[in-house]
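Student: quick one, structure for this:
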Amino acid sequence: MIKDQSIVASQRVADILAERILSGDLAPGARIKQDELAEELATSRIPVRDALRMLEARGLVTMRANAGARVTSLTRRDLEVSYEIRERIEPLLLADSVPHLTDQDLADLRAVMERNEGVTDIDEAIALGREFHWITYRRHSTPLLAQIVERVWDTTQSYRRAYMKLAMGSAAQGGVRTHDLEHQLMYDAVAKREVETAQAALVMHIRRTRMGLVRYGTLLGGAGNDAAAYPSLGDPLV
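Tutor: Sure, this is the predicted structure:
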């Protein structure tokens, strides 16, 4: 019973920390002070320590001896590799899922696209983007691939948020919401069960974001509350 309570307490702390990291409240590189967190959440250090280990396994936290815990931060090369992984693995996940998607799945996709029209809140846009893609993947039979994809999404989310601030700002000034058009292309291909076309649209979608993240890394570093999130991206590619 005591062990079960400890697991529940650790999971609660892990969920709270994960939400803060994924929402951008804790930026990449931010130090996580175990004593302060334990006091804030009215718990002992043991659940906090166990929670940090859980998040380290997810790639959200980095633990180092004599240096404590920090929110995982990525170099420019880390970002490139992360998106190269996405370009290779997500089309496999998509191809595994598309033939088995139902009419209800397609209806769910349309509903997400409709909800995304006119969205200006960054967190809502990110959540809807994730929901859109996971619906296209939901009939997969390869949980290992799905776990890899989810980990990469989580570790790059803070960087993607800052990039989307710039992208959505441009759209608000009359620019085209390119990601909406890409989602429409993917939806059309998925609805027709044209797997190769859907994969091509997905790769284009992922690659465009990768190029934006890497090319404008320095500029992103000055984007509002995410200024501290890009300490090591270096100079933008040319």
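Student: quick check: mean pLDDT across the biggest helix by length in the chain?
Tutor: Of all the segments assigned as helix in the chain under DSSP state H, the longest by residue count is helix 143-172. Predicted confidence along helix 143-172 averages 82 (mean pLDDT).
Student: flag every buried residue along it.
Tutor: Using 16 or more other CB atoms under 10 Å as the burial criterion, the residues of helix 143-172 that qualify are 145-146, 148-149, 151-165, 167-168, 171. Every residue, glycine included, has its C-beta placed from N, CA and C.
Student: could you pull out the helices in the chain for me?
Tutor: According to DSSP H, the helices that the chain contains are 2-22, 34-40, 45-58, 76-97, 103-116, 122-137, 143-172, 178-191, 195-215, 217-220.
Student: so how far is the longest helix of the chain off the chain centroid?
Tutor: Chain-centre distance of helix 143-172: 4 Å, with CA atoms, centre = their mean, to the nearest Å.
Student: and that helix, what does it pack onto?
Tutor: In this structure, helix 143-172 packs against helix 2-22, helix 76-97, helix 122-137, helix 195-215, helix 217-220, with contacts taken as 3 or more CB pairs under 8 Å, 6 or more residues apart in numbering; DSSP states H and E.
Student: switch to 6 Å and redo it
Tutor: In this structure, helix 143-172 makes packing contacts with helix 76-97, helix 122-137, helix 195-215, judged by 3 or more CB pairs under 6 Å, 6 or more residues apart in numbering; DSSP states H and E.
Student: reformat these as a markdown table; add mean neighbour count.
Tutor: As requested, these are arranged in a markdown table below (neighbours: other CB atoms under 10 Å):
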| stretch | mean neighbour count |
| --- | --- |
| helix 76-97 | 18 |
| helix 122-137 | 19 |
| helix 195-215 | 18 |
